[in-house]
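>>> need coordinates for the below:
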Amino acid sequence: MSHLASTTRYERDPPPCDAPHLTTRPDPRRSERHGLDVPAAGGSLRPALAPVIDHLRRVDPETVPAAERALRLADRFAGGSAAVAAPAWARLTTAEQDDLTATLARLLLRFRALEPLYAERGGRPGYDLALRLLEGACHADHGFRAMAGLFAGEGLPGDTSARDSYLAGSLLWHLKRSAPGTRVVLAAHNAHLQTVPISFDGRLTGIPMGRCLRDALGDDYLAIGLTAVTGHTADMPRDESAPFGFTVAATALAAPEPGSVEAAFAGAGLGSGTHLADLRPLRGRAADPPDRIRLQGSYLHTPVVAAYDAMLCTGGSTVTGGLGGL
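Sure thing, here's the model as predicted:
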């Protein structure tokens with residue numbers, strides 16, 4: 001899953017809400033696109049650590065050997081996503097796992113402690129970007145341990161939250177460096193966008209990005225979920241031999257479960273076509289609000305009205321074919 005943000009700056013009044021916000025156009029409306037995720041969706045530290053090492057060669061060459069050692073170790077288990085990297089990370093020795101974590105933590109603390117020196121030697125923009133990349137490497141390293149624990153059924157409650165925390169922090173990082181009045185359209189999985197914690201069978205799995213953004217931005221963050229009443233969904237069976245650690249299986253959607261937001265759309269005669277429902281007026285007023293939403297071929301039990309500000313329901317969903325490696 002890619003997590004993308006399009007930041008759009010308006011020098012005049014913004015267009016009507018039905019105007020496209022993701023299309024790049026000449027000024028006075030300018031659109032940019034940014035990735036927000038940890039490196040390689042948690043699969044490899046190289047996209048983050050390699051440019052950090054280049055930066056360190058200019059500002060603090062004495063630390064380069066430690067950073068290069070961490071990268072060599074991380075390359076041994078790198079993959080297309082966390083679904084590949086986490087099981088491979090688990091096959092390292094405990095000493096190797098801990099050495100990687102300790103090295104990254106020391107590099108990060110030194111990076112922050114020597115901020116004035118680094119910024120003087122390499123410039124403020126270069127320091128800010130390199131620091132953000134190193135933070136991404138640290139979050140991804142935490143993710144290896146968290147996902148390995150999740151796959152083994154022995155992880156700590158909420159341990160996968162580090163990735164979502166980084167996602168939210170990346171968006172706020174870009175906002176801080178954007179012009180006043182910038183608007184952002186953020187594309188991500190429902191489970192990242194929602195604003196209440198994710199739990200399965202009563203056990204906390206993670207604090208989603210949407211909760212972090214709601215805490216930081218208040219009502220300026222609008223969480224819009226996406227679902228469908230009929231059609232097919234993309235289930236993702238784990239397969240460590242696949243490039244991304246899973247394959248995509250087009251799975252027919254069963255009839256909506258009672259109590260689901262999909263059943264609410266169908267019951268209101270909105271089971272076909274595309275409909276957008278504002279959920280905010282229902283908070284504290286709905287007699288029997290939906291308590292679950294589709295999650296691929298199953299359901300995530302969550303207070304839908306509290307978790308999302310609006311819900312976009314399509315009459316039928318389809319699965320894109322021809323995706324290389326999936």
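>>> pLDDT score for Gly155?
In this model, Gly155 is scored at 88, pLDDT.
>>> how close does it get to Pro289?
Using CB to CB, to the nearest Å, we find Gly155 at a distance of 30 Å from Pro289. Where you see a C-beta, it was placed from the backbone N, CA and C, and this is true even at glycine.
>>> my guess is Gln296 meets His232, correct?
No: the pair Gln296 and His232 does not pass the contact test of CB atoms under 8 Å, sitting 10.5 Å apart.
>>> overlap in contacts, those two.
Residues touching both Gln296 and His232 (CB atoms under 8 Å, 6 or more residues apart in numbering): Thr251.
>>> just give me the neighbour total for the closest residue to Ala70 other than its chain neighbours.
Leaving aside its sequence neighbours, Ala70 sits nearest to Thr103 (CB to CB, 6 or more residues apart in numbering; 4.5 Å). By other CB atoms under 10 Å, 19 other residues sit near Thr103.
>>> over to Gly218?
8.
>>> repeat that for Arg203.
Residues lying near Arg203 (other CB under 10 Å) number 9.
>>> looks like Arg57 contacts Ala67 (just checking).
No: counting by CB under 8 Å, Ala67 is not a contact partner of Arg57; they are 9.5 Å apart.
>>> which other residues reach stretch 92-103?
Outside stretch 92-103, the residues that reach it (CB under 8 Å, 6+ apart) are 66-67, 69-70, 73-74, 76-77, 89, 141-142, 144-145.
>>> may I see the buried residues of it?
Leu92, Gln97, Leu100, Thr101, Thr103 (16 or more other CB atoms under 10 Å).
>>> among those residues, which are in helices?
Among the buried residues of stretch 92-103, the members found in helices (DSSP state H) are Gln97, Leu100, Thr101, Thr103.
>>> pLDDT below threshold where in this protein?
1-29, 323-326 (pLDDT under 70).
>>> what do you get if the cut-off is 90, keeping everything else the same?
1-33, 153-155, 181, 201, 234-250, 271, 284-288, 315-316, 319-326 (pLDDT under 90).
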